[in-house]
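# Structural data only, the sequence is not supplied:
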């Protein structure tokens with residue numbers, strides 16, 4: 001923690017004041033230098049004079065952590081915390097090291113609450129202890145300041161903890177409880193926070209196979225977004241709607257939502273949304289229509305136009321493997337499927353089910369190559385993975401494949 005002298009020197013330099021200017025008529029330049037170097041303690045009268053010269057409250061100098069200092073720490077912490085998953089190195093550890101000295105003094109104010117929130121989340125993500133009391137304290141501080149949207153973010157985090165260990169019902173239960181508590185507060189009117197909860201509630205209903213409830217929440221969220229003229233989460237909602245239309249083989253709805261998503265990607269210059277439309281159409285041709293030559297043509301068009309991000313790369317490798325299988329290139333398909341690794345950040349059962357199809361396709365390749373033992377082994381692996389998942393066309397395909405190859 002900076003000393004009194006260090007705080008005075010820092011404020012002086014920030015205001016581009018010389019020692020002589022700050023000393024003014026009440027102090028000597030030499031005395032001020034001693035104070036800044038912690039070799040002399042100012043009297044209360046001198047301290048009030050220094051604060052007046054610096055145009056700050058004297059408490060700003062006496063506090064162990066000034067509000068200005070916390071703001072600077074917060075800016076650095078936000079940069080570390082908001083790094084994209086693709087680019088993360090040791091940012092969480094850096095943030096912990098940055099914030100840790102200040103933790104005992106984070107008792108009030110937005111900066112303190114936000115720093116506690118990020119610090120506790122980083123402790124959690126790096127498998128360290130004692131994060132939960134800290135995030136609970138941050139939630140209480142947000143409540144006291146009526147920052148309901150920030151309080152809502154912590155509720156989402158609490159739910160997500162259960163989701164990433166595949167306790168989907170537990171995650172939904174927590175999310176609904178957090179939402180119910182937020183809705184008792186008339187100040188919870190932030191449309192962005194509400195859309196976060198709508199989107200996550202819909203995805204969790206899909207995760208546990210309660211599709212009717214998921215559709216109601218999803219469609220209401222889309223209407224709410226249009227009514228409030230906000231594009232926040234609209235891309236995620238369109239993806240969700242397109243995925244559901246695919247699973248129901250409703251090509252008209254699938255095309256409608258993907259067209260809207262494509263229009264959004266052009267309007268917002270959102271490459272990720274544009275790439276998703278390619279993936280969804282290739283995936284539909286492969287997994288639902290089994291039109292592998294058409295899928296291959298679209299895949300080649302996509303590769304010519306776009307660069308695949310780290311997140312989407314496994315998805316496209318999976319679809320390329322299906323195309324090779326459909327074109328009768330079974331050995332090449334197996335090699336391509338072996339390159340597919342499920343991204344660590346994927347936890348939704350429908351996303352996982354799409355990847356569990358991989359072993360079913362490997363089984364079909366071995367089946368065509370008259371290697372039944374390997375075919376059964378791959379199909380059995382796919383069945384084992386898919387069994388805990390809700391019923392989807394992917395689950396049906398895997399089960400049908402196992403029945404086919406074991407004959």
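Arrived safely, thanks for sending. This is a predicted model, so every value here is computed, not measured.
# Next, find the distance separating the residue nearest to residue 195 when sequence neighbours are not counted from residue 152.
The shortest distance from residue 195 to any non-neighbouring residue, by Cβ to Cβ, 6 or more residues apart in numbering, is to residue 233 (4.3 Å). (Glycine included, C-beta is placed from N, CA and C.) Separation of residue 233 from residue 152 (Cβ to Cβ, to the nearest Å): 14 Å.
# what is in contact with these two at once?
Counting by Cβ atoms under 8 Å, 6 or more residues apart in numbering, the contacts common to residue 233 and residue 152 are residue 196.
# Can you show me the helices along the stretch 251-400 of the chain?
251-268, 271-283, 292-305, 313-326, 330-338, 349-368, 372-386, 393-405 (DSSP state H, counting those that start in this stretch).
# show me what contacts residue 232?
Residue 232 sits next to 191-192, 195, 225 when contact means Cβ under 8 Å, 6+ apart.
# how about a cut-off of 7 Å?
Applying Cβ atoms under 7 Å, 6 or more residues apart in numbering to residue 232 gives the contacts 192, 195.
# any idea which element it lies in?
For residue 232, there is no host helix or strand (DSSP states H and E).
# Tell me the spacing between it and residue 388.
From residue 232 over to residue 388 the distance is 33 Å, taken as Cβ to Cβ.
# Heading C-terminal from the helix or strand bottoming out on mean pLDDT in the chain, find the next helix or strand.
Across the helices and strands of the chain, mean confidence by mean pLDDT, DSSP states H and E is lowest for helix 58-62: a mean of 74. For helix 58-62, the following helix or strand on the C-terminal side (DSSP H and E) is helix 67-81.
# Next, the buried residues of that next one.
67-70, 73-74, 77, 80-81 (16 or more other Cβ atoms under 10 Å).
# can you count the residues close to the nearest residue to residue 262 once chain neighbours are set aside?
In this structure, residue 262 finds its nearest non-sequential neighbour in residue 277, 4.9 Å apart by Cβ to Cβ, 6+ apart. Using other Cβ atoms under 10 Å, residue 277 is surrounded by 21 other residues.
# quick one: residue 322 and residue 286 touch, right?
Yes. Counting by Cβ atoms under 7 Å, residue 322 does reach residue 286; the two are 4.2 Å apart.
# Residue 169: how many residues sit nearby?
12.
# Skip the chain neighbours and tell me the closest residue to it.
Residue 169 sits nearest to residue 208 (Cβ to Cβ, 6+ apart), 5.6 Å away.
# mind listing what that neighbour touches?
168-169, 172, 390.
# which of those count as buried?
The buried subset of the contacts of residue 208 (16+ other Cβ under 10 Å) comprises 168, 172, 390.
# wait, the first one sits on residue 206?
In other words, residue 168. No. Residue 168 lies out of contact with residue 206 (Cβ under 7 Å); the separation is 9.4 Å.
# how many other residues sit next to residue 14?
Neighbour count of residue 14, defined by other Cβ under 10 Å: 11.
# Need the max-distance pair from the contacts of residue 208.
Longest distance between any two of the contacts of residue 208 is 12.5 Å, between 172 and 390; criterion Cβ to Cβ.
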